[in-house]
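# predicted model and sequence follow; I will ask about them next.
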Amino acid sequence: MYDVAIVGARCAGSALALMLARAGAKVLVIDRTTFPSDTMSGHYIQPAGISCLRRLGLIESLAALGYPPQETISVDFGRTVVAGRPAPMPDGTAVAYAPRRHRFDPMLADAAVAAGAELREATSFVEPLLRDGRVIGLRTSAGGRTNDVHARLVVGADGKRSRVARTVGAESYETAPARTCAYYTYWEGAAVASARLLVRDGLFAVAVPCGEGRTFLALQWPRHRFAEVRRDIDAATRTAVAGIPWLAARFGAGRPAERYIGTGDLDSFLRTASGPGWALVGDAGHHKDPITAQGMTDALLDAELLAAAVLAGLGGGRDLDAALRDYVQARDRRALPMHRVTADLARLVPPPPAAQEEMAAMAGDPIAAGRFLGVMAGSVAPEEIFGPAAERAA
């Protein structure tokens, strides 16, 4: 009998397992893949996520992976560029990292195992085990054999198309259909010194140096162009690069070193993330367009909120179901403003002239620029900068 069984051993699942195991909980984590392996991801961890990793004591392990720290960031609107260091987190963290998932995820999973969690790779979730409407465990499949696992809580950390969410009947809200399609790859011979976001009418791009002589380049187009872009991704990418002088100057002489990865499956939603005997974390409970690069950071921060609720419930200090309901409310308070801003930015419409004038003023003021950049970093509340865009429904 486990205290917690977690489906999915990547960012959210392994972080949660680590936190729970360190507190003495008996934790099982399963994942249908084996490590090391990659997954579709922009893999940018904002300073708020780095701050969480610092609390977990994993900063040295992260730095040892060898990916360069992202100390500054630029947001390029064409006529205006807001650049600098984002406002720091309360602990002083202002740096971001962009570690490749085939190295970062095993690092996190290994830390969870070292803390006492049990990891079963190449093991799939089949269905929940139920008793009187309550989840009491899960059925797994590995090597052609099924196995029943009993646990006080089953957590779905199995991504946006979560099978756990589907089988327990989790409901979606704050939904928005996909507004963009996205493709990325890694380039050799691109001269990019620090992370830069480029916002144009009907196009978004982000370039991040990844070390090892490679630069991450992702592009997003309106969703209605997905079929066109998919027919010849390289041609669409090179056309976009050639159309933006900053990109053309840095990527024109470079070449893609890996295959293109992308999707048009970028709808946004929150899900009711707890019920009798179950909970959701990471993209399983909250997914949004990648334009603001919040996925991994949200996974870490949501895992932290969920771990606190689970430990309060397992320890007898609170009713577990009530603690989990409070987790969902806390997650929504934290995530909803940025969720709504992200949905608004995913329209790929440049800011109106008045907003661009405000941004031009920010560009000349390092403190104001840092606060603007701090919204994506997680150190500044979105409503302080974006106002109504962070408050209205997506």
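In hand now; what should we look at? Residues are numbered from 1 along each chain as shown.

# okay, now the domains of this structure?
Following the assignment in automatic domain parsing, the chain carries domains at 2-43+100-176+266-345, 180-263.

# got those as CSV, with mean neighbour count and mean pLDDT columns?
Any C-beta I mention is one placed from the backbone N, CA and C, and that applies to glycine too. Below are the domains of the chain laid out as CSV (neighbours: other CB atoms under 10 Å; pLDDT from 0 to 100):
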stretch, mean neighbour count, mean pLDDT
domain 2-43+100-176+266-345, 21, 97
domain 180-263, 18, 96
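
# so which of those domains comes closest to Ala377?
With distances scored as CB to CB, the stretch of the domains of the chain nearest to Ala377 is domain 2-43+100-176+266-345 (8.9 Å).

# need the contact list for the closest residue to Leu247 other than its chain neighbours.
Distances taken as CB to CB, 6 or more residues apart in numbering put Val241 closest to Leu247, at 4.5 Å, once the chain neighbours are dropped. By CB atoms under 8 Å, 6 or more residues apart in numbering, Val241 lies in contact with Leu217, Leu247, Ala248, Phe251, Gly252.

# what is the nearest of those residues to Ser51?
Where these are concerned, and distances follow CB to CB, Ser51 has its nearest neighbour in Leu217, at 26.9 Å.

# could you look up the SS state of the closest one?
Under the three-state scheme (DSSP: H, G, I helix; E, B strand; the rest coil), the conformation of Leu217 reads as strand.

# I'd say it and Glu188 touch.
No. In this structure, Leu217 sits apart from Glu188 without contact. The criterion is CB atoms under 8 Å, and the distance is 11.2 Å.

# report the separation between Leu311 and Leu320.
Counting by CB to CB, to the nearest Å, the separation of Leu311 from Leu320 is 10 Å.

# which pLDDT value goes with Met359?
Reported pLDDT at Met359 in the predicted model: 85.

# part of a helix, is it?
Yes. With the criterion set as three-state DSSP, the secondary structure at Met359 is a helix.

# and it, how far is that from Gly282?
The spacing between Met359 and Gly282, counted by CB to CB, is 32 Å.

# mind listing the residues bridging to Arg134?
Arg131 (DSSP bridges).

# so Pro88, which of the three states?
State at Pro88, reduced to three classes by three-state DSSP: coil.

# who touches it in this structure?
Pro47, Ala94, Ser379 are the contacts of Pro88 under CB under 8 Å, 6+ apart.

# ok, those residues vs Val164, which is closest?
Within the set of those, Pro47 lies nearest Val164; the separation is 29.9 Å, counting by CB to CB.

# and the longest helix anywhere in the chain, what does it pack against?
Using DSSP state H, we find that the single longest helix of the chain is helix 320-345. In this structure, helix 320-345 makes packing contacts with strand 172-176, strand 268-271, strand 274-275, strand 286-287, helix 295-314, helix 382-386, judged by 3 or more CB pairs under 8 Å, 6 or more residues apart in numbering; DSSP states H and E.

# which one of the ones you listed lies nearest to Val29?
Smallest distance to Val29 across the helices and strands packed on helix 320-345 (CB to CB): 11.9 Å, for helix 295-314.

# centre of the chain to the closest one, how far?
Its chain's C-alpha centre and that of helix 295-314 lie 14 Å apart, by CA atoms, centre = their mean, to the nearest Å.

# try stretch 378-390
On CA atoms, centre = their mean, the centre of stretch 378-390 falls 19 Å from that of its chain.

# residues in contact with that stretch?
The set of residues that contact stretch 378-390 without belonging to it, under CB under 8 Å, 6+ apart, is 46-49, 51, 86-90, 94, 297, 301, 337-338, 340-341, 344, 371-372, 374-375, 391.

# so what's Leu348 up against?
Applying CB under 8 Å, 6+ apart as the definition, the contact partners of Leu348 turn out to be Arg179, Thr180, Arg200, Asp201, Gly202, Leu203, Phe204, Gln220, Trp221, Pro222.

# can you tell me how far the nearest residue to it once chain neighbours are set aside is from Thr185?
Computed as CB to CB, 6+ apart, the closest residue to Leu348 that is not its neighbour in sequence is Gly202, at 5.3 Å. For Gly202, the distance to Thr185 equals 21 Å [CB to CB].

# and Gly317, helix, strand or coil?
Under the three-state scheme (three-state DSSP), the conformation of Gly317 reads as coil.

# residues touching it, list them.
Under the criterion of CB under 8 Å, 6+ apart, the contact list for Gly317 is empty.

# what does the one 3 residues further on give?
If you count contacts by CB under 8 Å, 6+ apart, Leu320 has them with Arg152, Leu153, Val310, Gly313, Leu314.

# try Asp31
Residues in contact with Asp31 (CB under 8 Å, 6+ apart) are Val7, Gly8, Ala9, Arg10, Gly13, Leu119, Arg120, Glu121, Ala122, Thr123.

# in CSV, list those along with distance to Tyr173 and secondary structure.
Written out in CSV, the entries for the contacts of Asp31 read as follows (distance: CB to CB, whole Å; DSSP: H, G, I helix; E, B strand; the rest coil):
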residue, distance to Tyr173, secondary structure
Val7, 22, strand
Gly8, 22, coil
Ala9, 27, coil
Arg10, 24, coil
Gly13, 23, helix
Leu119, 32, strand
Arg120, 33, strand
Glu121, 33, coil
Ala122, 34, coil
Thr123, 31, coil
